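**Student:** using only what follows, build the 3D model:
(chains A and B)
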Amino acid sequence: NAGVTQTPKFQVLKTGQSMTLQCAQDMNHNSMYWYRQDPGMGLRLIYYSASEGTTDKGEVPNGYNVSRLNKREFSLRLESAAPSQTSVYFCASSDRTSGRIEQYFGPGTRLTVT
Amino acid sequence: GDSVTQMEGPVTLSEEAFLTINCTYTATGYPSLFWYVQYPGEGLQLLLKATKADDKGSNKGFEATYRKETTSFHLEKGSVQVSDSAVYFCALSSNAGKSTFGDGTTLTVKP
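**Tutor:** This next block holds a predicted model:
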């Protein structure tokens, strides 16, 4: 049982390049989330998916797109990376239907945009 | 909207000292409350939770009580260890399922 996995662990991009961050969970959770973590700013929600086939914007969605590929996978795409998107990105999942509403986090992707 | 305010850090303590990290929240309805811990280079992991007023969450010697009257969920531990050095996040989850996190408090415990 791997929990929440993310790839890649580290990435360096040049301004204007694109990339997709991958996330998968094996806990059969309905809800998945993407956050960014910046020093002194806690976690900010980028996008979330309450269930397969649905996605909604969070607090800071500009410059990002997401795809809920199936129940297991939720990817985050940067179409044209900017230095302001340098951050640590975390994927998380939860399962409200079981009553366990806490979130389970992946290990993070550390992205630098130069 | 929902918000979480937690004690600013960093906090530096000696081993075996008493720890308190304050957390207050603003939310509509009756949220569930959480403390998460983040060790260096890792993602967040749940430390403890409370789902209704007056509940006490506890784990690994840490405790927090859901106080509706003061809208607080302060984290305490009677005797910290070096291995407790980490960043601690207070969070709430509303009926919509999303969570709101505080900015995190960095704890360093010195031997």
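**Student:** which other helices and strands does the host helix or strand of A:C91 contact?
**Tutor:** Counting by DSSP states H and E, the element that carries A:C91 is strand A:87-95. Helices and strands touching strand A:87-95, as assessed by 3 or more C-beta pairs under 8 Å, 6 or more residues apart in numbering or on different chains; DSSP states H and E, comprise strand A:4-7, strand A:19-25, strand A:31-37, strand A:74-78, strand A:100-105, strand A:109-113. C-beta coordinates here come from the backbone N, C-alpha and C atoms, glycine included.
**Student:** give the buried residues for the first one.
**Tutor:** By neighbour count, and taking 16 or more other C-beta atoms under 10 Å in any protein chain shown as the criterion, the buried residues in strand A:4-7 are A:4, A:6.
**Student:** now the last one
**Tutor:** Judged by neighbour count using 16+ other C-beta under 10 Å, the buried positions of strand A:109-113 are A:109-111, A:113.
**Student:** and B:T65, what does it touch?
**Tutor:** B:50, B:54-57, B:73-74 (C-beta atoms under 8 Å, 6 or more residues apart in numbering or on different chains).
**Student:** and the pLDDT at it?
**Tutor:** pLDDT for B:T65: 98.
**Student:** buried ones in the helix or strand where B:L47 lies?
**Tutor:** If you go by DSSP H and E, B:L47 is part of strand B:44-50. Under the neighbour-count criterion of 16+ other C-beta under 10 Å, strand B:44-50 has B:44, B:46-50 buried.
**Student:** got these as JSON lines, with distance to chain A and pLDDT columns?
**Tutor:** Shown next, in JSON lines, are the buried residues of strand B:44-50 (distance: C-beta to the nearest C-beta, whole Å; pLDDT from 0 to 100):
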{"residue": "B:L44", "distance to chain A": "5", "pLDDT": "95"}
{"residue": "B:L46", "distance to chain A": "5", "pLDDT": "96"}
{"residue": "B:L47", "distance to chain A": "10", "pLDDT": "98"}
{"residue": "B:L48", "distance to chain A": "10", "pLDDT": "97"}
{"residue": "B:K49", "distance to chain A": "6", "pLDDT": "95"}
{"residue": "B:A50", "distance to chain A": "11", "pLDDT": "95"}
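**Student:** out of these, who's nearest B:V37?
**Tutor:** Using C-beta to C-beta, B:L47 is the member of the buried residues of strand B:44-50 that lies nearest B:V37, at 4.6 Å.
**Student:** by proximity to chain B, which residue of chain A wins?
**Tutor:** Here chain A gets closest to chain B at one residue, A:F105, 3.5 Å apart by C-beta to the nearest C-beta.
**Student:** what does chain B have sitting close to chain A?
**Tutor:** Contact residues, chain B versus chain A (C-beta under 8 Å from any C-beta of the partner chain): B:32, B:34, B:36, B:41-46, B:49, B:51, B:89, B:93, B:97-99, B:101-104.
**Student:** which of these count as buried?
**Tutor:** B:32, B:34, B:36, B:43-44, B:46, B:49, B:51, B:89, B:93, B:97-99, B:101-104.
**Student:** before we move on, back to that, could you tell me the least trusted of the helices and strands packed on strand A:87-95?
**Tutor:** Looking at those, the weakest mean confidence is strand A:100-105, a mean of 87.
**Student:** about what we covered before: with distance to chain B added, can I get the buried residues of strand A:109-113 in CSV?
**Tutor:** Shown next, in CSV, are those (distance: C-beta to the nearest C-beta, whole Å):
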residue, distance to chain B
A:T109, 10
A:R110, 9
A:L111, 15
A:V113, 20
